[in-house]
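Asker: here is a sequence with its predicted model. Questions after.
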Amino acid sequence: MADYAISFARSARKDLAALDAKVVRRVFPKIEALAQQPRPSGCRKLVGEENLWRIRVGDWRIGYEIDDAARIVTVITVGHRREFYD
């Protein structure tokens, strides 16, 4: 049983829909793993953001928020590293 629920912001759904299926197959298991471990090794809290974290999947980045009280991980954005930090 997953410890945290995973939800997707509308922006993340758009990001995922725009990605190549091959990339989605690489990224989605990492998103699902956030339910078990919302702060996996290699994750970083983004500087200047209240509660935004990111994980790397090759050249791709997944930006998400963690609500420990409600036990929800909300995926905010998924993008290539050259566009992620804009």
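Answerer: Thanks, I have the structure now. Numbers count the residues shown, from 1 in each chain.
Asker: where does pLDDT dip in this protein?
Answerer: By pLDDT under 70, the low-scoring segments of the chain are 1-2, 86.
Asker: let's see it at 90
Answerer: Counting by pLDDT under 90, the chain has low-confidence residues at 1-2, 48-50, 82-86.
Asker: what about the helices in it?
Answerer: Secondary structure of the chain, counting by DSSP state H: helices at 10-18, 21-33, 81-84.
Asker: buried sites along stretch 39-49?
Answerer: For stretch 39-49, burial by neighbour count (16 or more other Cβ atoms under 10 Å) applies to C43. Bear in mind the C-beta positions are built from the backbone N, C-alpha and C, glycine included.
Asker: got a list of contacts for that stretch?
Answerer: Applying Cβ atoms under 8 Å, 6 or more residues apart in numbering, the external contacts of stretch 39-49 come out as 33-34, 52-56, 63, 66.
Asker: residue nearest the middle of this structure, spatially speaking?
Answerer: Among the residues of the chain, the one closest to the centroid is I62, at 3.4 Å (Cα atoms, centre = their mean).
Asker: residue contacts, it?
Answerer: 27, 30-31, 54-55, 75, 77-78.
Asker: try it again at 7 Å.
Answerer: Applying Cβ atoms under 7 Å, 6 or more residues apart in numbering, we find I62 in contact with 27, 30-31, 54-55, 75, 78.
Asker: neighbour-wise, which one of those residues leads?
Answerer: V78 (27 neighbours; other Cβ atoms under 10 Å).
Asker: my read: it touches A12, true?
Answerer: Yes - at 5.7 Å, V78 and A12 qualify as touching, with contact defined as Cβ atoms under 7 Å.
Asker: next, show the common contact partners of these two.
Answerer: Counting by Cβ under 7 Å, 6+ apart, no residue touches both V78 and A12.
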